[in-house]
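Asker: Any chance you can model this:
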Amino acid sequence: MSTTNLEKAATNGSVALSNSRLTAFRRTGAPAAVRVSLNKALPVIFELRWRQTASDAIDAKAASPDVAPRLGGLVGAGLENSADGRGVFKSYQNGWVMWREDLGALAVYGAIGARWNEIGGTTSGYGWPTTDELSTPRGPGRYNHFEGGSIYWSPNTGARFIYGAIRDLWASMAWEQGPLGLPTTDEEDVPGVGGARRNGFEGGVITWTPWAGARVTSLNVPAGTNPGGLTIQTHGGGGHGVPAPQVQRHVIVTANIALTDHETFGSNEHGSAQRRDERWIDSWDPQGVMTLVGTAGGEMRVEVVADAAVRPDGSVRVGVNVKLYEGTSVTTNDLDGERSTTQVVPRDQTVQIPIHIRNDDEGDDFADISLVISNTST
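Answerer: Okay, the predicted model is just below:
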């Protein structure tokens, strides 16, 4: 994707980024992201006042104990202008030290620097670094924050882009020290759902949509895991158990009732009812998702009540209760039949639940109910 397209591809409050991965990173001169503007003159006042200050600050940063062993020796033409014209930089064997008046000197190198350069460096939606490359507080990770997001790296996950509302939610849960740990994917499209985005993490998944925002939509735990007292352990959290966050799933329920009021004399009478409901399920405990009532013959009523509870792995447990009433009117409370069932709907799947109910007390009244339940992250 070109830099122009990157700047235009607004998603999740930021930009869509390349998902390709660099398998090696070797410095052979100025990076593509800055090479295009090496000869672009900065304003004269900048040249006169700040060039020496910038060069001294870059040299000091490159020589600092945490940076020098990772950055390597100076290469290239010395002080050069950034591609966006807002600052200067020097190139080193494994990366760059960037300088801008309002930010100072900041180091970007290694796999993180390679991925930043891959998407366009200072001319990309990520813009300028706002920190040096730093160690994560726990575990073996490294990261840089940028104007438009962050890049996190670890030996197991590689360098990963995370930004916008997904990063904001992850940050609110203590970054990599929280239950989700380090990102294991770049932000990426959700297949088949236009506009939806997601990041995978050591401990689970955060999904973002323009209509529902960012939510934790599954945890990386075995199917059927009990949510009570559940903790998540990740490398990013240093292997410490952290209470699991609440998973949320979008459940869509479509129901149809076909009723037959049996008549001993004369023709049977029929009725039907249909309904479609949807809601985000955001509790381990059951929440109501649908109530549907159908009548027939002026004497028969069938009530369908469905609830759902999300489970840590992103599946949803659905409970359905059906009651058949028959009397002198459709408002009767004379209960003549009841059926209940439960069904687990795996994440990102659709399940159909058929239910047949008969009058268990008198007559041959009956109803056939069909429920179609979808469990999605969007």
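Asker: I'd assumed Val242 was in contact with Thr231.
Answerer: Yes. At 5.9 Å, Thr231 counts as touching Val242 under the criterion of Cβ atoms under 8 Å. Backbone N, C-alpha and C define where each C-beta goes, glycine included.
Asker: so what sits against both of the two?
Answerer: Shared contacts of Thr231 and Val242, defined by Cβ atoms under 8 Å, 6 or more residues apart in numbering, are found at Pro179.
Asker: OK, contacts around the spatially closest residue to Val351 that is not a sequence neighbour?
Answerer: Using Cβ to Cβ, 6 or more residues apart in numbering and skipping residues adjacent in sequence, the residue nearest Val351 is Val345, 4.7 Å away. Contacts for Val345 were tallied using Cβ under 8 Å, 6+ apart; they are 251, 315-318, 351, 373-375.
Asker: how near is Val345 to Gly319?
Answerer: Distance, Val345 to Gly319, using Cβ to Cβ, to the nearest Å: 11 Å.
Asker: can you check Ser267 too?
Answerer: The value you get for Ser267 to Gly319, if Cβ to Cβ is used, is 36 Å.
Asker: Looking at those two, which is more packed in?
Answerer: Comparing Ser267 with Gly319 by neighbour count (other Cβ atoms under 10 Å), the higher total belongs to Gly319, at 16 against 6.
Asker: beta partners of that one?
Answerer: Asp307, Thr342 (DSSP bridges).
Asker: Could you list which residues are in contact with it?
Answerer: 286, 306-309, 340-342.
Asker: any idea how far Gln246 is from it?
Answerer: Distance from Gly319 to Gln246, by Cβ to Cβ: 19 Å.
Asker: Show me what counts as buried in stretch 55-62.
Answerer: Neighbour-count burial for stretch 55-62, with 16 or more other Cβ atoms under 10 Å as criterion, is recorded at 55, 57-58, 61-62.
Asker: Stretch 250-262 now?
Answerer: 250-251, 253-262.
Asker: same question, stretch 160-171
Answerer: Neighbour-count burial for stretch 160-171 [16+ other Cβ under 10 Å]: 160-170.
Asker: so where do the helices sit in this protein?
Answerer: 3-8, 32-35, 44-63, 68-71, 110-118, 164-172 (DSSP state H).
Asker: Just give me the lowest mean pLDDT stretch among these.
Answerer: Among those, helix 3-8 carries the lowest mean pLDDT, at a mean of 30.
Asker: Sketch out the low-pLDDT regions of the chain for me.
Answerer: When residues are selected by pLDDT under 70, those of the chain lie in 1-49.
Asker: so how far is stretch 283-296 off the chain centroid?
Answerer: Centroid separation between stretch 283-296 and its chain, computed with Cα atoms, centre = their mean, to the nearest Å, is 28 Å.
Asker: Use 49 as the first number from now on
Answerer: Happy to do that; since the first residue is 49 now, the last one works out to stretch 331-344.
Asker: Tell me the buried residues in it?
Answerer: 332, 334, 337-338, 340, 342-344.
Asker: Great, nothing more from me.
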